Structure formats: C-alpha cells, structure tokens
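**Student:** What follows is a predicted structure for the sequence shown.
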Amino acid sequence: MKKIGQLIKETSENRIKNTFKSSKGLIIIKYSGVSSPDMSTLRKGLRASGSDLFVVKNSIAKRAMKELGLVDLAKSIETPCGMIFFKDEPVDTSRILCAFRKEHEKLVLEGGLLQDKLLSLKDIEVMSTLPSKEVMRARVVVTLNAPIAKLAIVLNQTLKKFVYCLDQIKQKKTS
C-alpha cells in the first residue's frame, strides 16, 4: 500500500502531464514575494482567459517536465514557481501576466512553451502586445474586402460615365 504523500505526488504529476497534453502551451512564473490575495487575483484573471495556474513542488514539476521531454523547461524550475497552462489564446494569457507583473514587480516570467517552441521573456512580452484573434480576423477580412470594394467603385463609376455620355448624345440629337 502506498503512502498518502506518494499518492499526492503521483496525482500532482499526472495532473501536470494531462493538463499539458490538452493545452497549447505553458508559461513558468516565479512568484516569491507575491502575496496570497494577489495570487488569487491572478488566478481569477487567468481562469477568465481559459488558463490554469498550478503551484506544485519543484521536484514534482521537474519530474513531470522531464517525462514529457521538456528538459530545457525543467532547468528553469528552481525557486517556488507556478506553471500556467493555456488552452485557447496565448496572447490573452501573456497580456494578463505582463499587466500583473507591472503592478507586482516580484513576479518573474521565466519562460514557456508554445506548440513545441520555447518562449523567452521577450517572446512573452511581444505576445502581450499583439492584438486579439478577433481583431486579427477583422483586419484580414477588411484587407481581403478592399480590392473587391475598389473594383465595385471603379465599375460603378464607369457605368455612370457611360450613362452620362449617352445622355449627352441624346441631348445633342434633340437640340
């Protein structure tokens, strides 16, 4: 029979692995010096964007990362850290983290992973400045629509000129 501590460790490790497999990526943060109420505020904001913040023992996190083949990320787990898994929009998650970090300087963004690409602090900061997916879609639609709209305007003007020309010919013949 396994001890309770061992069961808790295995459960935590399996939770990390399963959450990672169902997410698009993760960001590792160091939160030493950030108060518990502030961490709760961060959790709520992240949950609203479809992300989850896990805080587990470093040894469990390192073991799970190594078993997932993320040896480079496992090296960044040293001091008390949290792992943020995002399922939908990494831009929203990075925006929330960067805004929170401006208010709480003790929070450190260590790095992360986005679909097999390692993320540095700079990558996360750049992602936070990108527009949301809806805004990008709107821009694409406007860009694709612009040539069609211009063509319609040109064709409309050509028809107007043709009608105007016919009207002028009609007026000359009647006068």
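**Tutor:** That came through, no problem.

**Student:** quick check: mean pLDDT across the helix ranked longest in the chain?
**Tutor:** Criterion DSSP state H: the longest helix present in the chain is helix 133-174. Helix 133-174 shows a mean pLDDT of 80 in the predicted model.

**Student:** same thing with stretch 116-127?
**Tutor:** 82.

**Student:** Could you check that stretch and say which residues are buried?
**Tutor:** Neighbour counts over stretch 116-127 (16 or more other CB atoms under 10 Å) mark 119, 123-124, 127 as buried. All C-beta spots, glycine's among them, are computed from the backbone N, C-alpha and C.

**Student:** which secondary structure element contains Gly111?
**Tutor:** strand 108-114 (DSSP states H and E).

**Student:** Packing partners of that strand?
**Tutor:** In terms of contacts (3 or more CB pairs under 8 Å, 6 or more residues apart in numbering; DSSP states H and E), strand 108-114 is packed against strand 25-30, helix 71-75, helix 90-103, strand 117-119, helix 121-129.

**Student:** Quick one: distance of the last one to the chain centre.
**Tutor:** Pointing back at helix 121-129 there. From the chain centre to the centre of helix 121-129 is a distance of 10 Å (CA atoms, centre = their mean, to the nearest Å).

**Student:** likewise the first one?
**Tutor:** The chain centroid and the centroid of strand 25-30 are separated by 12 Å under CA atoms, centre = their mean.

**Student:** Can you give me the domain boundaries for the protein?
**Tutor:** 4-130, 132-175 (automatic domain parsing).

**Student:** Would you tell me which one of those domains is buried the most?
**Tutor:** domain 4-130 (a mean of 17; mean count of other CB atoms under 10 Å).
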